[in-house]
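Chemist: sharing a model prediction with you, sequence too.
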Protein chains: 2
Amino acid sequence: MVNIKELLKETPQDQLVEVNGWVKTFRSNRFIALNDGSTLNNIQCVVDFENFDEALLKQVTTGAALKVKGKLVASQGRGQAVEIQVNELHIHGTADAETYPIQPKKHSMEFLREQAHLRVRTNTFAAVMRVRSALSFAVHQYFTQNGFYYMHAPIITGSDAEGAGEMFRVTTLDLKNTPLTEEGEVNFKEDFFGKETNLTVSGQLEAEAYAMGLGKVYTFGPTFRAENSNTSRHLAEFWMIEPEMAFYDLKDNMDLAEDFIKEVLKYIVAHCAEDLNFLEKRLLDEEKTKPQAERSELSLLDKLRFVIDNKFVRITYTEAIEILKNSKPNKKKKFQYLIEEWGADLQSEHERFLVEKHFKCPVILYDYPAKIKAFYMRLNEDGKTVRAMDILFPGIGEIVGGSQREERLEVLLEKIEALGIDEKELWWYLDLRKYGTAVHSGFGLGFERLVQFATGMGNIRDVIPFPRTPQNAEF
Amino acid sequence: MVNIKELLKETPQDQLVEVNGWVKTFRSNRFIALNDGSTLNNIQCVVDFENFDEALLKQVTTGAALKVKGKLVASQGRGQAVEIQVNELHIHGTADAETYPIQPKKHSMEFLREQAHLRVRTNTFAAVMRVRSALSFAVHQYFTQNGFYYMHAPIITGSDAEGAGEMFRVTTLDLKNTPLTEEGEVNFKEDFFGKETNLTVSGQLEAEAYAMGLGKVYTFGPTFRAENSNTSRHLAEFWMIEPEMAFYDLKDNMDLAEDFIKEVLKYIVAHCAEDLNFLEKRLLDEEKTKPQAERSELSLLDKLRFVIDNKFVRITYTEAIEILKNSKPNKKKKFQYLIEEWGADLQSEHERFLVEKHFKCPVILYDYPAKIKAFYMRLNEDGKTVRAMDILFPGIGEIVGGSQREERLEVLLEKIEALGIDEKELWWYLDLRKYGTAVHSGFGLGFERLVQFATGMGNIRDVIPFPRTPQNAEF
């Protein structure tokens, strides 16, 4: 069965072809633009309406599914090299023009989110999802070619020690008659797993266990946050990529992250030209409605090429604080959170200033104060900073967060104790430091943020098929 | 940083090399077998013990992490082509021989399951997980090369209409004080998503929505069953591959499934020779402890080659019933469930008889009775069978379940009504039949079953990093 992507590459020589697809438009009772999702491009199917039943042609409306047979010929019209002279036309399924929601006109993104089962039939969402698919493959290919093993970290987890965010409870208990212990607490012994379980917020700790056996591993799976964040940057369910490497220090980790991002973006520039060109135009149109100051300086493809071609700036947190302290918006009190001293947690406005105004380039910040970072990060010799690194992207903010991990048992134990985490909860994680511990590092990359950057989509809900957000789990 | 897999391919010419890894064994105070997980094979590191501190060498025990520098030379000993003459030895981390659980001896699979964070350091589990990783990549590569787009189906789902099995509830409600409605029911309006939500049992319905826009798609993600099945064949959390294709009928679907399985197995035979050879020997050893009748007739690799090289047998359910009715075990009443008439649901014993005794070959059964299959399967013209297909594998049983989907709105509505499913629950799924419906098909393949077949591991808990089963969500 040939698809339209392949058909459009064929040399037309009057060969008989058969193709299936959905009607994009039907002009002049003669020209059907047919699309099957394999490519952005439609194949033009020319019907000689005098040879077809009028009632049949009436059913050829936007969204109807057709099978078409005919000769593939060079097109006389503009805009396409080949077209089909239709001999046979079969309607698989109609799409009533009165009620079909996806008409050939501009729909709002909000409306299309409510039609998430149909929005992939629009050019925009089909292009976004094809790019998303290509990026996924690029991720797997990159790691495979670089000696990494893919591991599936568990989704349901009995350990909640990482503390990366609020968690969703997973249970089979009867919520109407929750079993209680004698002390009046929920009796999780009666739950499916015999203990409290949640949806994972990160596969990192398990990936560390695997890195300490297989050397270099990565996860690529769903992760969850039960946070009531109704923003264009947050999802309750999103996909995360987490490589973890034995014997890598922080510098190796930064080198890997930078190379990884560049290579997967190169892949889509090479493999998704049509979709990216379309998305670039879409973004330009969208930005025309915005004030000049909010428009991008670079077009979508130029932005991708810029990231691919330029070395990311690397500066320490301490250097960043100096830059921010002396910056115009800080002196003129334009920042909502003024930077006054070392140790301040950086807000989105500060990250954007560094990336978009100061360096105009992706920035890797590293060596953060220990107290604003997670317990598992490697303490530096200064005793106050940790070997953490964040990669900040224009328009997106933090796209990667990573660190060298604390490999020293006694240091890790001190940190855990200071945080009041029960050592027993982390027995197996501590084992990794007891037996054959070594320098190791890793990072996490939120896949949807990468897809946003690659496609220019402003709202994270528009780069995942069925977004999950507070009050929304339709489909 | 060079890994051991790469190092073992180098031509030894006294070049200085540096390598990290974990000690497998240390013989005669002289020969360290070092492994870093990149390959099954170790690199032999030769230390001249007179030049090293005795206290340092005492720390070189199984499981210790080392950095080694020295010359790469041709090995004089047997079993390896190259070895390192060690100049420098650095201990990253020790592994106390008294307490380190993974000693160079035979451990039971049960014991290793309790040490799931360390078991990947054994040859068996490292090999299984490398094969698992290669199979994953083969899956993505196969579909990418064949014009499919990867889609991420939602994990948290508000629709529970598929009814493939018991589900896990996902909630942020306070289980100690569950909010109730005036009628005394759990008030899910107060839950995170404002409705009841569960973990998905299948991404099929959402994949259908995407196939009806992108043409050919596949999912590869975690799915869940809250069933109290404590067997060697069931997991509460497992990974499933679900391709879904617009314009494919049942035959196209069977052709795809067969080709897919053969191609991904070909990939690992080509790319994982060392690991598969090791696993083949492991299986032989394991089977030596079994009675003759329970041993495999074919070795692991022969079994893989057999599947790759032979056409799968395709028979209808009706033909299968005839074969089973007239079979020896049925006549001699050896089956636990005797096959008496058309319509009987096939049990594992029947499937095994067909595959392992009768045909001695993978079998595709199709055209099942409608009443033992799911509502969304395409009703045949006979009005009593559906276009379902299952692929049965020796030793594994059902590895694929698929069907052509019911594309006719009125037939689907009738089925839904007969089952008492609320039409409103499936509004979006029905939309796919209202607007541009067409013949389409798909299947689901349990990834862990495929890994079991590929690696010869008998228990499904041993082919996933951190298995989730009733009463078990450790790590």
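Modeler: Now that the structure is in, tell me what you want to look at. Treat the numbers as computed from the prediction; the structure is a model and nothing was measured.

Chemist: roughly how far does residue A:279 sit from chain B?
Modeler: Using C-beta to the nearest C-beta, to the nearest Å, residue A:279 is found at 16 Å from chain B. From N, CA and C alone the C-beta is placed, and that goes for glycine too.

Chemist: got the contact list for that residue?
Modeler: Residues in contact with residue A:279, defined by C-beta atoms under 8 Å, 6 or more residues apart in numbering or on different chains, are A:124, A:127, A:128, A:131, A:300, A:455, A:456, A:457.

Chemist: make it 10 Å
Modeler: Applying C-beta atoms under 10 Å, 6 or more residues apart in numbering or on different chains to residue A:279 gives the contacts A:40, A:123-124, A:127-128, A:131, A:272, A:300-301, A:454-457.

Chemist: equivalent analysis for residue A:409, please.
Modeler: With contacts defined as C-beta under 10 Å, 6+ apart, residue A:409 is in contact with A:430, A:431, A:432, A:433, A:434, A:435, A:437, B:93.

Chemist: equivalent analysis for residue A:43, please.
Modeler: For residue A:43, the contact set (C-beta under 10 Å, 6+ apart) comprises A:3-5, A:7-8, A:17, A:19, A:21, A:24, A:32-36, A:68, A:72, A:75, A:80, A:82-84.

Chemist: can you say which of those are buried?
Modeler: A:3-5, A:7-8, A:17, A:19, A:21, A:24, A:32-36, A:68, A:72, A:75, A:82-84 (16 or more other C-beta atoms under 10 Å in any protein chain shown).

Chemist: please, where are all the helices along the stretch 101-250 of chain A?
Modeler: With DSSP state H, counting those that start in this stretch, the ranges of helices along the stretch 101-250 of chain A come out as A:109-114, A:123-145, A:204-214, A:250-271.

Chemist: can you list the ones you listed in a markdown table and add distance to chain B and mean neighbour count?
Modeler: Formatted as a markdown table, the helices of the stretch 101-250 of chain A follow (distance: least, C-beta to the nearest C-beta, whole Å; neighbours: other C-beta atoms under 10 Å in any protein chain shown):
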| stretch | distance to chain B | mean neighbour count |
| --- | --- | --- |
| helix A:109-114 | 10 | 14 |
| helix A:123-145 | 4 | 22 |
| helix A:204-214 | 4 | 26 |
| helix A:250-271 | 7 | 19 |
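
Chemist: dump the ones you listed to CSV, plus mean pLDDT.
Modeler: Converted to CSV, the helices of the stretch 101-250 of chain A look like this (pLDDT from 0 to 100):
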stretch, mean pLDDT
helix A:109-114, 97
helix A:123-145, 98
helix A:204-214, 98
helix A:250-271, 98
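
Chemist: and those: which comes nearest residue B:199?
Modeler: helix A:204-214 (18.3 Å; C-beta to C-beta).

Chemist: measure residue A:311 to residue A:363 for me?
Modeler: Going from residue A:311 to residue A:363 by C-beta to C-beta, to the nearest Å gives 11 Å.

Chemist: so for these two, which sits in the more crowded spot?
Modeler: Relative neighbour count places residue A:363 above the other of residue A:311 and residue A:363, with 21 against 10, counting by other C-beta atoms under 10 Å in any protein chain shown.

Chemist: quick one: low-confidence ranges for the stretch 301-450 of chain A?
Modeler: Of all residues in the stretch 301-450 of chain A, none has pLDDT under 70.

Chemist: which parts of it sit against chain B?
Modeler: Residues of the stretch 301-450 of chain A lying close to chain B by C-beta under 10 Å from any C-beta of the partner chain are A:407-409, A:427-429, A:431-440, A:447-448.

Chemist: hmm, 6 Å instead?
Modeler: Within reach of chain B by C-beta under 6 Å from any C-beta of the partner chain, the stretch 301-450 of chain A has these residues: A:428, A:435, A:436, A:437, A:438.

Chemist: among these, who's most crowded?
Modeler: That'd be residue A:436 among these, by other C-beta under 10 Å, with 28 neighbours.

Chemist: surely that residue and residue B:23 touch.
Modeler: No: here residue A:436 does not reach residue B:23: they are 7.9 Å apart, not a contact under C-beta atoms under 6 Å.

Chemist: mutual contacts of these two, please.
Modeler: Shared contacts of residue A:436 and residue B:23, defined by C-beta atoms under 6 Å, 6 or more residues apart in numbering or on different chains, comprise residue B:64.

Chemist: distance of residue A:414 from residue A:23?
Modeler: For residue A:414, the distance to residue A:23 (C-beta to C-beta) stands at 67 Å.

Chemist: show me which of these two is the more surrounded one.
Modeler: More crowded of residue A:414 and residue A:23, by other C-beta under 10 Å: residue A:23, with 24 against 14.

Chemist: give me the angle between the helix or strand that one falls within and helix B:204-214.
Modeler: Using DSSP states H and E, residue A:23 maps to strand A:16-27. Orientation check (axes from the mean of the first three to the mean of the last three C-alpha atoms, to 10 degrees): strand A:16-27 against helix B:204-214 gives 80 degrees.

Chemist: strand A:16-27 pairs with which strands?
Modeler: strand A:31-35 (antiparallel), strand A:65-74 (antiparallel) (DSSP bridges).

Chemist: so how far is the first one off the chain centroid?
Modeler: Its chain's average C-alpha position is 31 Å from that of strand A:31-35, according to C-alpha atoms, centre = their mean, to the nearest Å.

Chemist: what lies in contact with that strand?
Modeler: Under the contact criterion C-beta under 6 Å, 6+ apart, strand A:31-35 has outside partners A:21, A:22, A:23, A:24, A:25, A:26, A:42, A:43, A:44, A:45.

Chemist: want to throw those into JSON lines with pLDDT?
Modeler: Formatted as JSON lines, these follow (pLDDT from 0 to 100):
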{"residue": "A:21", "pLDDT": "98"}
{"residue": "A:22", "pLDDT": "98"}
{"residue": "A:23", "pLDDT": "98"}
{"residue": "A:24", "pLDDT": "97"}
{"residue": "A:25", "pLDDT": "97"}
{"residue": "A:26", "pLDDT": "97"}
{"residue": "A:42", "pLDDT": "97"}
{"residue": "A:43", "pLDDT": "97"}
{"residue": "A:44", "pLDDT": "97"}
{"residue": "A:45", "pLDDT": "97"}
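
Chemist: for chain B, state which of those residues is nearest.
Modeler: Distance ranking of those against chain B, using C-beta to the nearest C-beta, places residue A:22 first at 5.0 Å.

Chemist: what are the bridge partners for that closest one, then?
Modeler: Beta-bridge pairing for residue A:22 (DSSP bridges): residue A:35, residue A:65.

Chemist: contact partners for it?
Modeler: Contacts here follow C-beta under 6 Å, 6+ apart; on that basis residue A:22 touches A:35, A:65, B:436.

Chemist: then residue A:388?
Modeler: Applying C-beta under 6 Å, 6+ apart to residue A:388 gives the contacts A:368, A:373, A:377, A:403.

Chemist: show me which residues of the stretch 51-200 of chain A are close to chain B?
Modeler: Residues of the stretch 51-200 of chain A lying near chain B by C-beta under 6 Å from any C-beta: A:63-65, A:92-93, A:95, A:100, A:117, A:120-121, A:130, A:133, A:136-137, A:140, A:144, A:147, A:149-152, A:154-156, A:158, A:168-172, A:175-176, A:178, A:186, A:192-194, A:197.

Chemist: now residue A:229: how far from residue A:165?
Modeler: To residue A:165, residue A:229 is 10 Å away according to C-beta to C-beta.

Chemist: cool, residue A:151 as well?
Modeler: For residue A:151, the distance to residue A:165 equals 22 Å [C-beta to C-beta].

Chemist: these two: which is more packed in?
Modeler: Neighbour count, other C-beta under 10 Å: between residue A:151 and residue A:165, residue A:151 has more, with 28 against 13.

Chemist: just checking, that one touches residue A:217?
Modeler: Yes: in this structure, residue A:151 is within contact of residue A:217 by C-beta under 6 Å, at 4.8 Å.
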